[in-house]
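Chemist: could you look at this predicted model? Sequence included:
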Amino acid sequence: MELAQALAVAIDYETRVRDHYAKGQEEILSPEGKKIFQVMANEEQRHLDYLLSRQEEWTRTGHLTSPELPTEVPPVELLERAKSKLASTRRGPVATQGELELLKTALELERATSSFYQELVAQLPAPYQPLFSRFLDIERGHLAIVQAEIDAIAGHGHWFDFMEFDLEAG
């Protein structure tokens, strides 16, 4: 895949995921769930803005730089520790079946996006791999968050409130 095509497809993936989180934010009833979908929608918007800026640079100059891509998502290891800690607490159910379905769809979108970035890192020439490998790292965190949400709702009846973490840690 050529770089211009990789950027265009990545923009499409990030747009779909962002739109899903934005839609979910409107449909989720619980404040915790709304907060998570809002953070994730904002995160995906930053990804989209970043990719659009890289696409513009490539189109304008024929060169591509890879400035740092910040994230609000904590490292996967921190998410896993918090998930284990929350597993010991039980609360009443707060999510509807529709909210669970929104999370399942988000998980599938995140998996597809992660797979796409993994393929890009394997196929693109070495100078362009760092741009997409950073996305791959971030997407692993997104997968962990969404899976933790699904596990929490299905197994323990509460939202996994990752906002309690230091979001600057990512």
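Modeler: Arrived safely.

Chemist: what residues sit buried inside whichever strand or helix holds Leu102?
Modeler: For Leu102, the host element (DSSP states H and E) is helix 97-123. In terms of neighbour count (16 or more other Cβ atoms under 10 Å), helix 97-123 has its buried residues at 99, 102-103, 106-107, 109-110, 113-114, 116-118, 120-121. Any C-beta I mention is one placed from the backbone N, CA and C, and that applies to glycine too.

Chemist: taking the centroid of this protein, which residue is nearest it?
Modeler: His142 (3.6 Å; Cα atoms, centre = their mean).

Chemist: which pLDDT value belongs to that one?
Modeler: For His142, the pLDDT comes out at 90.

Chemist: tell me the SS of it?
Modeler: helix (DSSP: H, G, I helix; E, B strand; the rest coil).

Chemist: quick one, what contacts it?
Modeler: Contact analysis of His142 by Cβ atoms under 8 Å, 6 or more residues apart in numbering lists Met40, Glu43, Val73, Glu110, Thr113, Ser114.

Chemist: who's in contact with stretch 116-130?
Modeler: In contact with stretch 116-130 (Cβ under 8 Å, 6+ apart) are residues 1, 3, 6, 9-10, 13, 64, 66, 132-133, 135-136, 139.

Chemist: which intervals of this protein have sub-threshold pLDDT?
Modeler: For the chain, residues meeting the criterion pLDDT under 70 lie at 74-95, 155-170.

Chemist: same thing but 50
Modeler: 90, 92, 156-170 (pLDDT under 50).

Chemist: longest helix in it, by residue count?
Modeler: helix 31-61 (DSSP state H).
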